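**Q** Fold the following, please.
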Amino acid sequence: MKNKSLLTSLAAALIAGLAFSVCATTASAAGKTSIVVGADTTFPPFETEVNGKVTGFDIDMIEAIAKAEGMTVEIKTMPFNGIIPSLQAGSVDAAVAGITIKKSRMQSVDFSDAYYKSGLSVLVKKDSKIKDFADLKGHVVATKKATSSVDYMTSHGIDPNYIKQFQDIDTAYQALETGGADAVVFDNPVNVNFKTAHPNVKVVGPLLTGEYYGIAVSKKDPTLVKKINDGLAKIKKSGEYHQLFVKYFGGDVSGAVNGVEKPAAVAVSD
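**A** Numbering: from 1, shown residues only. So this is what the prediction gives:
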């Protein structure tokens, strides 16, 4: 009888402990006041690093979203191809890096509602005879490693041996400038940003894709996606979202997402 009472007491304590643990975890998720956000700083004007300070459209946006939701942000810089693994490992809570919402990525991470409509374009030297994507076969094309640009080219007939993949897009542009590549295929807003500062290059042909950027969020904290979506809606309503286009795109709002675009509705296939 004494042993039975002891076991009963231990079981009650264990159940109470588990209940406390579950409640504590839930409270922690709901009451998160700070988040660690991964960012790749080689993607201007969305992310860049100037004099040791990380800045850009995405950085200002996530900080505005966090402020609207009563949270603070710690930025953790990393290569683009390290973002998804970091989210899966839980070393960052979310990530901003002009990340295209893709069906394959949605298997590994969650995404916020889309915040930017983008697309791929072809950038060449101004005296190039390349007029559009169809002219790229047989030419060396530079781009950033592990991005949707690589997926698009390999699935549209470009021989992988002719694709030069670089850790950052600046090095890909340098290859174009120095003759190490004949073209760069990459996200149009970034190509346009580079062209604005370098009059010896041009964008040719139409946009190759229509794709949307989203904030990637660790699947370990499903409540965070809702907070980020709520914050995004708030900064759209307040006008802060529009001001980011004024600050970083000279008022060009062609990439703005005015309504609500859910990731499942806009995700692209590889």
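**Q** Pull the number of nearby residues for Thr143.
**A** Per other CB atoms under 10 Å, the neighbour tally for Thr143 reads 26. All C-beta atoms are positioned from the backbone trio N, CA, C, and that covers glycine.
**Q** leaving aside the residues next to it on the chain, what's closest to it?
**A** Nearest residue to Thr143 in three dimensions, chain neighbours excluded: Ser149, at 4.2 Å (CB to CB, 6 or more residues apart in numbering).
**Q** And the next helix or strand past the one helix or strand that neighbour maps to?
**A** Taking DSSP states H and E as the definition, Ser149 sits inside helix 148-155. Next helix or strand after helix 148-155 toward the C-terminus (DSSP H and E): strand 163-166.
**Q** avg pLDDT for that next one?
**A** Computed over strand 163-166, the mean pLDDT rounds to 97.
**Q** isn't Thr55 right up against Pro45?
**A** No. If you go by CB atoms under 8 Å, Thr55 and Pro45 don't touch, sitting 9.0 Å apart.
**Q** Compute the first-to-last residue distance for stretch 198-210.
**A** Taking CA to CA, to the nearest Å as the measure, stretch 198-210 stretches 25 Å from start to finish.
**Q** buried stuff in that stretch?
**A** Using 16 or more other CB atoms under 10 Å as the test for burial, stretch 198-210 gives Val201, Lys202, Val203, Val204, Leu208, Thr209.
**Q** What about those, which are in strands?
**A** Among those, DSSP state E puts Val201, Lys202, Val203, Val204 in strands.
**Q** quick one: contacts for Ser34?
**A** Met71, Thr72, Val73, Glu74 (CB atoms under 8 Å, 6 or more residues apart in numbering).
**Q** redo that, cut-off 6 Å
**A** Met71, Thr72 (CB atoms under 6 Å, 6 or more residues apart in numbering).
**Q** Am I right that Met124 falls within a strand?
**A** Heads up, residue 124 is Val, not Met. Yes. Read with DSSP: H, G, I helix; E, B strand; the rest coil, Val124 is one of the residues of a strand.
**Q** what about Val260, neighbour count?
**A** By the measure other CB under 10 Å, the count of residues near Val260 is 12.
**Q** Helix, strand, or coil at it?
**A** Put simply, Val260 is coil when judged by three-state DSSP.
**Q** Do I have it right that it meets Asp113?
**A** Yes. Between Val260 and Asp113 a contact is recorded at 5.4 Å, counting by CB atoms under 6 Å.
**Q** Pull up the per-residue confidence for Lys4.
**A** pLDDT for Lys4: 38.
**Q** same thing with Ser269?
**A** Value listed for Ser269 in the pLDDT field: 83.
**Q** Tell me how far it lies from Tyr152.
**A** Look at Ser269 and Tyr152: by CB to CB, to the nearest Å, they are 11 Å apart.
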